[in-house]
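A structural model of the following input is requested.
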Amino acid sequence: MSEEAGGLSDDITFLRRLAEAGRNKPISGGALLVATGGIWGGLCLLGWSAWIGFVRLGAWANALGLIGIALSIAAGFVFTRGRHKAAAAGLSSLAFQAAWTGAAVGILVIAFIDQIAMWRTGNPLVFVSQSSIFICLYGIAWFISSALARRWWFLAVAVASFAMAIVIALLPYGPTQLLGLSIAVFALTVVPGAVLMRQEAR
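Residues are numbered from 1 along each chain as shown. Presented below is the predicted three-dimensional model:
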């Protein structure tokens with residue numbers, strides 16, 4: 001029993017040292033946040049412009065989601081070298097990337113579920129809460145990252161995400177809500193991502 005306890009203590013000590021080693025190092029992943037946030041924020045802004053009649057997209061309007069997915073996957077491949085940086089930086093960067101990967105997968109699954117609901121019911125109101133749910137997932141990713149990476153300004157972004165999710169839910173469904181989503185995406189991914197890039201470049 002004492003040997004098992006000693007082994008567990010050694011494991012905990014090892015993990016603590018790994019965490020401490022990466023705590024003061026910059027967190028990689030900011031470039032991918034800027035890229036994907038810019039893609040989705042821009043597409044939401046384009047969709048809003050089409051909705052109010054400022055631009056005409058025609059059949060392309062229905063393909064904006066697929067375009068966003070394709071561009072996001074491409075951005076992921078472009079910034080895969082960031083994984084090596086994350087490994088070098090320690091557990092903080094790995095935790096950050098894991099949290100955001102989980103959020104991205106969750107967003108795709110929810111979008112797919114809503115499409116199924118739309119197909120089964122024919123009611124576009126199934127999309128009413130989608131934008132708020134997406135931003136709430138942003139908040140969860142930032143909240144987890146703040147706890148594991150010990151970056152407390154992440155917690156402020158998480159709280160802002162939760163608040164923005166509620167604000168978006170209060171906006172009228174349609175172009176107003178889509179514009180709110182675009183602003184939220186830029187504010188909660190592109191801006192913090194740029195800050196992380198600046199810190200990483202130091």
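
how close does Val109 get to Gly102?
11 Å (Cβ to Cβ, to the nearest Å). Where C-beta positions appear, they are placed from N, C-alpha and C, glycine not excepted.

compare those two (neighbour count), which wins?
Remark: of Val109 and Gly102, Gly102 carries more neighbours, 14 against 10, as counted by other Cβ atoms under 10 Å.

any idea of the pLDDT on the residue lying closest to the more buried one once chain neighbours are set aside?
What sits nearest to Gly102 in space, not counting adjacent residues and going by Cβ to Cβ, 6 or more residues apart in numbering, is Ala141, at 7.0 Å. pLDDT recorded at Ala141 is 94.

for the helix or strand containing Ala141, buried residues please.
Taking DSSP states H and E as the definition, Ala141 sits inside helix 130-149. With burial defined by 16 or more other Cβ atoms under 10 Å, the residues of helix 130-149 counted as buried are 130-146, 148-149.

repeat for stretch 69-76
Buried residues in stretch 69-76, counted by 16+ other Cβ under 10 Å: Leu71, Ser72, Ala75.

can I get those residues in JSON lines with secondary structure and pLDDT?
Converted to JSON lines, these look like this (DSSP: H, G, I helix; E, B strand; the rest coil; pLDDT from 0 to 100):
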{"residue": "Leu71", "secondary structure": "helix", "pLDDT": "88"}
{"residue": "Ser72", "secondary structure": "helix", "pLDDT": "86"}
{"residue": "Ala75", "secondary structure": "helix", "pLDDT": "84"}
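
quick one: which of those residues is nearest Val126?
For the buried residues of stretch 69-76, the closest approach to Val126 (Cβ to Cβ) belongs to Ser72, at 22.7 Å.
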